[in-house]
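Participant: This is a predicted model, with the sequence first.
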Amino acid sequence: MTSAWVGARYGCGLGQCGACTVIIDGKAVQSCDVPVSAVIGKQITTVEALGTDATLHPLQRAFIDEQAAQCGYCASGILMAAKALLDTNPDPADAEIRNALEGNLCRCGTHGRILRAIKRAAKEMRGA
């Protein structure tokens, strides 16, 4: 795996930046303020489950193609929030994508590229 796709990052530690986003029972959750006892018996998906270097997930491929991640620190969390959205809404409008990513901060200013990447991945995942 490339380093940009490895692990939920520790960011703010307050559940405010989204770097630590994982999917718990189908919902994007900022994991830094979730006690381990709260996830016993729950399905947890981290960015490592998306794909491999040999077989990237459409979101990973789209992020590369659109050059959506500059420093990559926020990428893992944004990918997981986007995956949770696309799992429930395969054709989201721009406003729905922005709403799903509301808890994920990116300081690099690639927001337009991130939006394009998610729309690109959604289209690929729908087979459109």
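Facilitator: It's in. Numbers count the residues shown, from 1 in each chain.
Participant: For the closest residue to Pro92 other than its chain neighbours, what is the enclosing helix or strand?
Facilitator: Nearest residue to Pro92 in three dimensions, chain neighbours excluded: Leu85, at 5.9 Å (C-beta to C-beta, 6 or more residues apart in numbering). C-beta here means a position set from N, CA and C on the backbone, and glycine is covered the same way. Using DSSP states H and E, Leu85 falls within helix 75-88.
Participant: Test my guess that Ser31 contacts Val22.
Facilitator: Yes. Shown here, Ser31 and Val22 form a contact pair, counting by C-beta atoms under 8 Å, at 4.8 Å.
Participant: Which residue is the nearest non-sequential neighbour of Cys17?
Facilitator: Cys17 sits nearest to Gly11 (C-beta to C-beta, 6+ apart), 3.9 Å away.
Participant: And Ala122, by the same measure?
Facilitator: Spatial nearest neighbour of Ala122, chain neighbours left out: Leu86 (5.5 Å); criterion: C-beta to C-beta, 6+ apart.
Participant: so the one you found makes contact with Lys123?
Facilitator: No. Here Leu86 lies out of contact with Lys123, judged by C-beta under 8 Å, at a distance of 10.4 Å.
Participant: and the residue nearest to Pro92, how many residues sit next to it?
Facilitator: Using other C-beta atoms under 10 Å, Leu85 is surrounded by 19 other residues.
Participant: returning to that earlier point: report the buried residues of the helix holding Leu85.
Facilitator: Under the neighbour-count criterion of 16 or more other C-beta atoms under 10 Å, helix 75-88 has 75-86 buried.
Participant: so where's the chain shaky on pLDDT?
Facilitator: Along the chain, the parts satisfying pLDDT under 70 run over 1-6.
Participant: the longest helix in it is where?
Facilitator: helix 111-126 (DSSP state H).
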